[in-house]
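J.: Take this sequence and fold it.
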Amino acid sequence: MLNAQRVTVERRKHERFKVGGDVFAIFGEDSRAMGRIIDISKGGLAFNYNGPKIDSSEVSELSLLFANGRTTNIGHALLKFKSRLVSDEATLTKGRLNASKRRCAVQFDDDMTWHQHSGLDNLILLKSQHIS
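T.: Below you'll find the model as predicted:
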């Protein structure tokens, strides 16, 4: 009997990094979703949030925020990007789907400024670890 192994092919163009610390994403002009960033790359990011599913195919604003290290208050907006929703899925909690706790993935718009590229590079350098 042949023992087949499943090979995962990475389709992303950019290397992903796990984000440490209190770095948050707010998606949409009307702040449809806010949550802690899970991972990030030069092409986009994923974050967890609580709330209803986001149904959007349009380009929206994404703000990256960080918490002030001395307090639990949110600091100021670090960067803003035009972005598009890639996926929004319920997460598993104790083996069961939890529709109110969600994982959202967004893709950054290709038309980023030098300031956005530079800020993203600095964020990845300062707050992340490579995902193998």
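J.: wait, Val106 sits on Val86?
T.: Yes: assessed by C-beta atoms under 8 Å, Val106 is found in contact with Val86 at 6.1 Å. The C-beta positions use only the backbone N, C-alpha and C, and glycine is treated the same way.
J.: and for these two, which residues touch both?
T.: With contacts defined as C-beta atoms under 8 Å, 6 or more residues apart in numbering, the residues shared by Val106 and Val86 are Gly44.
J.: And the two? Which one has more around it.
T.: Set Val106 next to Val86 and count neighbours by other C-beta atoms under 10 Å: Val106 wins out with 25 against 13.
J.: Run through the residues that contact the closest residue in space to Lys82 that isn't next to it in sequence.
T.: Nearest residue to Lys82 in three dimensions, chain neighbours excluded: Asp109, at 3.7 Å (C-beta to C-beta, 6 or more residues apart in numbering). The contact partners of Asp109, taken as C-beta under 8 Å, 6+ apart, are Val59, Phe81, Lys82, Ser83, Arg84.
J.: and which of those residues is nearest Ile38?
T.: Nearest to Ile38 among the contacts of Asp109 is Ser83, at 15.3 Å by C-beta to C-beta.
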